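Q: sequence first, predicted coordinates after that:
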There are 2 protein chains.
Amino acid sequence: MGQKAFQDYYPDTLSHCYGCGRLNKHGLQIKSYWDGDETVCTFHPKPYHTAIPGYVYGGLIASLIDCHGTGTAAAAAYRAEGRAMDTDPPLRFLTGSLRVEYLRPTPLDGPLELRGRVKEVKGRKVVVAVSVFAQGEMRVRGEVVAIQMPEHLMPESR
Amino acid sequence: MGQKAFQDYYPDTLSHCYGCGRLNKHGLQIKSYWDGDETVCTFHPKPYHTAIPGYVYGGLIASLIDCHGTGTAAAAAYRAEGRAMDTDPPLRFLTGSLRVEYLRPTPLDGPLELRGRVKEVKGRKVVVAVSVFAQGEMRVRGEVVAIQMPEHLMPESR
């Protein structure tokens, strides 16, 4: 993909997140991109990311939804301001709440595709709906209410 | 604690879950216990379980709520049937849905305490409310709707 991932625009000090920080060696390092008006993230679970044998762990899926949701929120906030993600001031989002519905078991063999849809951008709040597909079928549906990070929690960015 | 953890009663074939399986070497291996009518789980996050520096990753907290919730659901189902967790047939639960509200940031230094409360046991469904405390203060509130595992997903237990 020619695009740079949302997460690759995060300043270094905000790139240690277990789910999406490119500097967290132990983490999931997810990457999210625009695909038209939706956002997409492809993730390859490891064999140990299991729930019952053969199926993906629900907590992992919740984590992917969480970080793809906050990444989508940041990208949508920049887009709403009509500026690129490498312009100042940086916008970062925290999860206010997370809702996940496990519609059917998610097979562990093969990639997961997460698709995000921005439902609302209002003040410091962005609501993102996320659907998780495996083998072409929707398995999990989630929603993230993301809140723009308050200044006192923003580490000095570089 | 003199008690055996709920998760230590799970049959071997159902003990590979990334969140709570005692046989998953890469996993979180959480342990849940009764404490009167509530259930409790203490978890020590690793330094890399971070979101922004100094705070716990929300996806980890969602994972802990998930597995403490389904563990509590199993324990509650046995208790409702008036039998011990090592009696047959084994009862195991999957997550139907998960809801997590991040009330305030969760500091990374020190243990997390999860407390579960059974809200409802009805047929194959158990609803569990989970509160997450750090440094004596409630940080996160969640709810798990757990569904008894259908027979066709139950691996042969031993």
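A: The structure has been received and is ready for your questions.

Q: just want the most central residue of chain A.
A: A:H68 (0.9 Å; C-alpha atoms, centre = their mean).

Q: what packs against the host helix or strand of it?
A: If you go by DSSP states H and E, A:H68 is part of helix A:58-80. Packing partners of helix A:58-80 (3 or more C-beta pairs under 8 Å, 6 or more residues apart in numbering or on different chains; DSSP states H and E): strand A:38-43, strand A:93-102, strand A:112-122, strand A:125-134, strand A:137-148, helix B:58-80, strand B:93-102. Placement of C-beta: from N, CA and C, glycine included.

Q: what lines up beside the last one in the sheet?
A: When pairing is defined by DSSP bridges, strand B:93-102 lines up against strand A:93-102 (antiparallel), strand B:137-148 (antiparallel).

Q: and the longest one with helix B:58-80, angle?
A: This points to strand B:137-148. 60 degrees (axes from the mean of the first three to the mean of the last three C-alpha atoms, to 10 degrees).

Q: quick check: angle from strand B:137-148 to strand B:125-134?
A: 160 degrees.

Q: and if you look at the first one?
A: For the pair strand A:93-102 and strand B:125-134, the angle between their directions (the same axes, to 10 degrees) equals 160 degrees.

Q: which residue sits farthest out from the middle of chain A?
A: Chain A, farthest from centre, C-alpha atoms, centre = their mean: A:P53 at 25.7 Å.

Q: element containing that residue?
A: Counting by DSSP H and E, A:P53 is part of no helix or strand.

Q: that one touches B:H16, doesn't it?
A: Yes: when contacts are counted by C-beta atoms under 8 Å, A:P53 is listed as touching B:H16 (6.2 Å).

Q: quick one on the thing from earlier: the residue farthest from the centre of chain A and chain B, how far apart?
A: With distances taken as C-beta to the nearest C-beta, to the nearest Å, A:P53 is found 6 Å from chain B.

Q: what does that residue show for phi and psi?
A: When read as degrees, to the nearest 10, the backbone of A:P53 gives phi -50, psi 130.

Q: what do you get for A:F6?
A: Main-chain dihedrals, A:F6, degrees, to the nearest 10: phi -50, psi -40.

Q: follow-up on the earlier one: redo the strands paired with strand B:93-102 as a markdown table? Include distance to A:Y33 and mean pLDDT.
A: Putting those into a markdown table (distance: least, C-beta to C-beta, whole Å; pLDDT from 0 to 100) gives the following:
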| stretch | distance to A:Y33 | mean pLDDT |
| --- | --- | --- |
| strand A:93-102 | 17 | 97 |
| strand B:137-148 | 29 | 98 |
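
Q: pick the most deeply packed of those.
A: Most buried of those by mean neighbour count (mean count of other C-beta atoms under 10 Å in any protein chain shown) is strand A:93-102; its value is a mean of 22.

Q: show me what that one is in contact with.
A: If you take C-beta atoms under 8 Å, 6 or more residues apart in numbering or on different chains as the criterion, strand A:93-102 is touched by A:58, A:61-62, A:65-66, A:69-70, A:73-74, A:77, A:125-126, A:139-149, A:153, B:51-52, B:58, B:62, B:94-102, B:105.

Q: residue ranges in chain A under the pLDDT threshold?
A: A:1-2, A:155-158 (pLDDT under 70).

Q: of the strands paired with strand B:93-102, which is nearest A:L23?
A: When the strands paired with strand B:93-102 are compared by C-beta to C-beta, strand A:93-102 sits nearest A:L23, at 18.2 Å.

Q: off-centre distance for that closest one?
A: Put simply, strand A:93-102 sits 10 Å off its chain's centre (C-alpha atoms, centre = their mean, to the nearest Å).

Q: one more: stretch A:96-116?
A: On C-alpha atoms, centre = their mean, the centre of stretch A:96-116 falls 12 Å from the chain's centre.

Q: what of stretch A:109-119?
A: Counting by C-alpha atoms, centre = their mean, stretch A:109-119 comes out at 9 Å from the chain centroid.

Q: does chain B sit close to that stretch?
A: No: taking C-beta under 8 Å from any C-beta of the partner chain as the criterion, stretch A:109-119 and chain B are apart, separated by no less than 12.9 Å.

Q: show me which residues of that stretch are buried.
A: Within stretch A:109-119, the residues that count as buried by 16 or more other C-beta atoms under 10 Å in any protein chain shown are A:112-116, A:118.

Q: and for it, what are the contacting residues?
A: A:32, A:35, A:37-45, A:54, A:56, A:61, A:64-65, A:68-69, A:72-73, A:76, A:106, A:126-135, A:143.

Q: which of the buried residues of stretch A:109-119 lies closest to chain B?
A: A:L114 (12.9 Å; C-beta to the nearest C-beta).

Q: picking that back up, hmm, the residue nearest to the centre of chain A is touching A:K31, no?
A: No: if you go by C-beta under 8 Å, A:H68 and A:K31 don't touch, sitting 9.4 Å apart.

Q: list residues touching both of the two?
A: Residues touching both A:H68 and A:K31 by C-beta under 8 Å, 6+ apart: A:C41.
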